[in-house]
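*Asks:* Have a look at this prediction, sequence included:
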There are 2 protein chains.
Amino acid sequence: MDDFLEDTGPIDLVDTDAVARAVVPEVRPTTFVRAEALDAAAGAEVILAVEAFQPTGSFKDRGAAALALHLPAEHLLCASSGNFGAALARACRRHGKRATVVMPAASSKVKIAAVERQGGSVELVDTQKMSRKARLLRLAEAHPEAAVVSPYDDTYVIAGNSTLGDEIFAAHAPDAVLVPVGGGGLASGLVHARARAGKKTPIIGAEPLLANDAARSLRAGVLVRDEKEADTLCDGARTLSLGQRNFAILRRGLERIVEIAEDGVAAALRLCFSAANLKVEPTAALSVAALLADRAAFAQKRVVCVVSGGNVDPSLYARLLSAA
Amino acid sequence: MDDFLEDTGPIDLVDTDAVARAVVPEVRPTTFVRAEALDAAAGAEVILAVEAFQPTGSFKDRGAAALALHLPAEHLLCASSGNFGAALARACRRHGKRATVVMPAASSKVKIAAVERQGGSVELVDTQKMSRKARLLRLAEAHPEAAVVSPYDDTYVIAGNSTLGDEIFAAHAPDAVLVPVGGGGLASGLVHARARAGKKTPIIGAEPLLANDAARSLRAGVLVRDEKEADTLCDGARTLSLGQRNFAILRRGLERIVEIAEDGVAAALRLCFSAANLKVEPTAALSVAALLADRAAFAQKRVVCVVSGGNVDPSLYARLLSAA
């Protein structure tokens, strides 16, 4: 999409510290949760950084706030599987702007409803027939005054997301940080925050095996794109590829990526439910799934798992709970 | 049960402030959660005080810590539907004591497992055949060195629970506080905290209609007991009556009690899921259910709802989610 995205310039020309400072009052501090039963299951000291209680239920409020605060356009267009859409709609509403969100028709109902509740316009696209990008291009032509923004491949978004990393490195001294990877915006933000904190803590991605473009990209050393959106439970990781900015940051900044089978996602979601009393969305369970998938690597270590959001349809959630 | 319970003396002879101070480092601060969708559903400014992330997943860690810290006995016996049992087992383990917990055979599996995981001994009793009290009496005879403690009718427990009230009144200036009522220990703690804070904020109980002994007691002006444990979803409110100490505190300290039908409990549990990304146990949903059941009373007001815990069997939870 990068050929027509709002160009926010190379990241080193933006005062990302200032962007991050402006974002902090727009969101809630993350909620750190510890659970003895989770430690026991993982054989590690596990600290969950839970973003499910943000205003629209995911970390996306951070990046969206950065965009709404810093872009001059009065109308922002984006494509989103849902969480970013709701976050952008809310941030635009707070700052007197309009938001239009292209969403896959297969998006979870709660995510579509959330965008609309925040006053955003939703444009559904059947991604088996037309890409999000094509639909977004048409909208951009119809609204030349609007800025098309990326949910992840954007300097402001990355700077906004870095505020979560600031909180993690300020509150804890982890041996590792595990983070779900979709477009790579959250992981990129953590890499930035790590640099700002002057730490060398390994940051490890977690990605669905069914949508493992980021893992393949890191292995290949070039940005790999999927042809079609994968049918993974993790709707936040159905993106076709990392963003270009994200790839540039993550190829150096990410230690590695753990690839997670679908049943590992469901098991981690259930563990969050039973061991930590947390409702997490499938994409958010990736970090905990990675911890369990690679127990040996994290044994006895202090690990922060980023639980990126909590928005999931009740029917899907009930099915996953019952599938044990 | 009061004839053979450990007598911790009249509440005004115990330095409850000192007890409360000792409890604070033993537990986690409550987690305040706001959600725009919840405000919209209730027509009020709703602040959830969420106790689901306490070490054993409910507010009971507060009172249990107070007991383990202050009673000289090395072995504590109690009857509990589960949450207090796990909390007492954990508190005893931390302070080098033993805990034995009498639980109804119908207790949720996760609650039985939680007591055992904390190193407590579980004694199951079929409450249709023998009361918890009778089973507890036999155990007390078999263990004369042990102290039999109440999960709610106890000065230390009430003082421990008052720490949640301290947090609420320190962080917020609510127009009302809504709190689930089972044995009345949590509500009593809030009444104490309100006095300590020098406030007059109305504290309103929420109780299942199927187990409305507390509401009937307040109406009658005398302590009313149920004959058998009611088959309510709210396992934390199946107690046969308020404690004597609790009744004495609540008949003056509680504004009133809202009685909640079972489907109101389930609807509130679902609302916490969808509007606030919270997994709550049925008993904990009572406060939110009361808000919805009596919308007119709370319209446009700032209301703290105490979400007392998060421990619920996944199969029951999935069923309640799907029942909408």
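*Replies:* Now that the structure is in, tell me what you want to look at.
*Asks:* Do me a favour and get the end-to-end distance for stretch A:91-104?
*Replies:* 21 Å (CA to CA, to the nearest Å).
*Asks:* And that stretch, what's buried?
*Replies:* Within stretch A:91-104, the residues that count as buried by 16 or more other CB atoms under 10 Å in any protein chain shown are A:91, A:92, A:94, A:97, A:98, A:99, A:100, A:101, A:102, A:103, A:104. Using the backbone N, CA and C atoms, a C-beta is placed for each residue, glycine as well.
*Asks:* Next, count neighbours for residue A:277.
*Replies:* For residue A:277, the neighbour count with other CB atoms under 10 Å in any protein chain shown is 25.
*Asks:* my guess is it meets residue B:310, correct?
*Replies:* Yes - counting by CB atoms under 8 Å, residue A:277 does reach residue B:310; the two are 3.2 Å apart.
*Asks:* where do the contact lists of those two overlap?
*Replies:* B:52, B:53, B:57, B:279 (CB atoms under 8 Å, 6 or more residues apart in numbering or on different chains).
*Asks:* so who does the last one touch?
*Replies:* Listed by CB under 8 Å, 6+ apart, the contact set of residue B:279 reads A:273, A:277, A:278, A:279, B:52, B:272, B:273, B:310, B:312, B:317.
*Asks:* what's the host helix or strand of residue A:248 packed up against?
*Replies:* When elements are assigned from DSSP states H and E, residue A:248 belongs to helix A:244-253. Under the contact criterion of 3 or more CB pairs under 8 Å, 6 or more residues apart in numbering or on different chains; DSSP states H and E, helix A:244-253 touches helix A:155-171, helix A:185-197, helix A:213-220.
*Asks:* now with 6 Å?
*Replies:* Where contact means 3 or more CB pairs under 6 Å, 6 or more residues apart in numbering or on different chains; DSSP states H and E, helix A:244-253 is packed against helix A:185-197.
*Asks:* What's the mean pLDDT across the helix it packs on?
*Replies:* Mean per-residue pLDDT for helix A:185-197: 97.
*Asks:* Now the stretch 51-200 of chain A against chain B: closest residue?
*Replies:* residue A:52 (4.1 Å; CB to the nearest CB).
*Asks:* residue contacts, that residue?
*Replies:* Residues near residue A:52 by CB atoms under 6 Å, 6 or more residues apart in numbering or on different chains: A:309, A:310, B:277.
*Asks:* residue contacts, residue A:252?
*Replies:* Per CB under 6 Å, 6+ apart, neighbours of residue A:252: none.
*Asks:* Same list, the buried residues of stretch A:91-104, but as a markdown table with distance to residue B:293, secondary structure and pLDDT please.
*Replies:* Below are these laid out as a markdown table (distance: CB to CB, whole Å; DSSP: H, G, I helix; E, B strand; the rest coil; pLDDT from 0 to 100):
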| residue | distance to residue B:293 | secondary structure | pLDDT |
| --- | --- | --- | --- |
| A:91 | 34 | helix | 98 |
| A:92 | 35 | helix | 98 |
| A:94 | 32 | helix | 96 |
| A:97 | 38 | coil | 97 |
| A:98 | 38 | strand | 97 |
| A:99 | 36 | strand | 97 |
| A:100 | 39 | strand | 96 |
| A:101 | 35 | strand | 95 |
| A:102 | 40 | strand | 94 |
| A:103 | 35 | strand | 90 |
| A:104 | 38 | strand | 85 |
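*Asks:* Which one of the residues you listed is nearest to residue B:66?
*Replies:* Distance to residue B:66 across these (CB to CB) is lowest for residue A:94, with 43.2 Å.
*Asks:* in which helix or strand would I find the nearest residue to the closest one once chain neighbours are set aside?
*Replies:* Distance criterion CB to CB, 6 or more residues apart in numbering or on different chains; nearest residue to residue A:94, sequence neighbours excluded, is residue A:68 at 6.9 Å. Here residue A:68 sits within helix A:60-70, counting by DSSP H and E.
*Asks:* relative orientation of that helix and helix A:185-197 in degrees?
*Replies:* Interaxial angle, helix A:60-70 versus helix A:185-197 (axes from the mean of the first three to the mean of the last three CA atoms, to 10 degrees): 80 degrees.
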